[in-house]
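Trainee: Got a predicted structure plus its sequence, pasted below:
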Amino acid sequence: MLKSNFNIAHCEAQGFTKINIFALKLSMRMLHRFLIGLTLILGFSTSFAGTIILEGNYQGKNIYVQNPFSGTGVGFCTFEVKVNGNVTTDEINSSAFEIDLANFQLSLGEKVVVVIKHRDDCKPKVLNPEVLKPRSTFNTTEISISGDGILKWKTKDESGKLPYVIEQFRWNKWIKVGETEGAGGAGPNDYSFQITPHSGENLFRVKQVDYTGKPRYSKSVRFASSSSEVAFSPVKVNKELEFTAETMFEIYDSYGNIVKKGYANKVDCTNLKRGIYYLNYDNNTEKFVKK
């Protein structure tokens, strides 16, 4: 701390007049007060240190914030809210407030960054941060498979970027056979994927799964393959299984546990224990014995 006291006799000895001394004392007092005020200002400004940042895509819904009092009990915790760099006009001096994203003329799926500034002796709580996460809202306007095995689909009304999972109906269940990233936005959006069909009639579809965990599906589309039906041998296996052509396969033990899967024309079975196994391949389900 700067000392404001000084030796008057010393000043008089140096030729200072009483007016000079009075002015010097006044200057010292003013400097002392300035330093105290600056300390208070700096200390006060450090209390505005907290920041909450929310990033995502506009889904047509607003954000709700629980806003406690500051740690001193004077005023509320939040003192500024910005959306994409613009200060909101929402009333934030209350125990709870709404960030109205509709005021910013955002398009569905548009990028949103919300910055909430608050004092560091308290913290507001965002009640529904999930509203900025992409939801699966796509509508399929077209879906087809070309003669050379290209799955094509066209969508609209995507509210955010989510991957599309391509599924094929095999062995009495839908299985994942591929994935492609969604474009997001109102669309129209065009997609394509090279399928690997099994022999006979095939069934394909696409789906998306958002943060709710609930899948959204396209309608299914059929494709008739001209490839020959695949067979395997031997039924009693010592070292390996062989297929007559490359095929997707799954091998289950007698307890229903999957022990091998892939896409090949042969499978190494040397590490399988003796017993009965169930084999999914091509569009068939059979069983074999490991000797």
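Mentor: On my side now, so go ahead.
Trainee: Need the three-state assignment for the closest residue to Lys156 other than its chain neighbours.
Mentor: With Cβ to Cβ, 6 or more residues apart in numbering as the criterion, Lys156 has its nearest non-adjacent residue at 3.8 Å, and that residue is Gly187. Glycine gets a C-beta too; all of them are placed from N, C-alpha and C. Secondary structure of Gly187, reduced to three states by DSSP: H, G, I helix; E, B strand; the rest coil: coil.
Trainee: Please tell me I have it right and Gly187 contacts Thr155.
Mentor: Yes - if you go by Cβ atoms under 8 Å, Gly187 and Thr155 touch, sitting 5.6 Å apart.
Trainee: Who has more neighbours out of those two?
Mentor: Thr155 (25 against 16; other Cβ atoms under 10 Å).
Trainee: Okay, and the more buried one sits in which element?
Mentor: In this assignment (DSSP states H and E), Thr155 forms part of strand 150-156.
Trainee: so what strands line up beside that strand?
Mentor: With DSSP bridges as the criterion, the sheet partners recorded for strand 150-156 are strand 139-145 (antiparallel), strand 189-194 (antiparallel).
Trainee: Helix or strand next in line after the lengthiest strand in the chain, which one?
Mentor: Longest strand in the chain by number of residues, with DSSP state E as the criterion: strand 240-252. Once the chain leaves strand 240-252, the next helix or strand it forms, by DSSP H and E, is strand 258-268.
Trainee: List the pairing partners of that following strand within its sheet, with orientation.
Mentor: So strand 258-268, judged by DSSP bridges, has these partners: strand 240-252 (antiparallel).
Trainee: Just the CA atoms of the longest strand of the chain, as CSV, please.
Mentor: Output of strand 240-252 as CSV, limited to C-alpha atoms (Å, rounded to 0.1, in the frame of the first residue of the first chain):
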residue,chain,number,x,y,z
GLU,A,240,-12.0,-74.5,-41.9
LEU,A,241,-15.3,-73.9,-43.6
GLU,A,242,-15.5,-73.1,-47.3
PHE,A,243,-18.1,-71.2,-49.2
THR,A,244,-18.7,-71.5,-53.0
ALA,A,245,-18.5,-67.7,-53.2
GLU,A,246,-17.7,-64.8,-50.9
THR,A,247,-20.5,-64.1,-48.5
MET,A,248,-21.4,-62.3,-45.3
PHE,A,249,-21.5,-64.8,-42.4
GLU,A,250,-22.1,-65.2,-38.7
ILE,A,251,-21.3,-68.2,-36.5
TYR,A,252,-23.0,-68.8,-33.2
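Trainee: Residues contacting it, please?
Mentor: Counting by Cβ atoms under 8 Å, 6 or more residues apart in numbering, strand 240-252 makes contact with 170-171, 177, 196, 198, 227-228, 230-234, 258-270, 272, 277-282, 288, all of which sit outside it.
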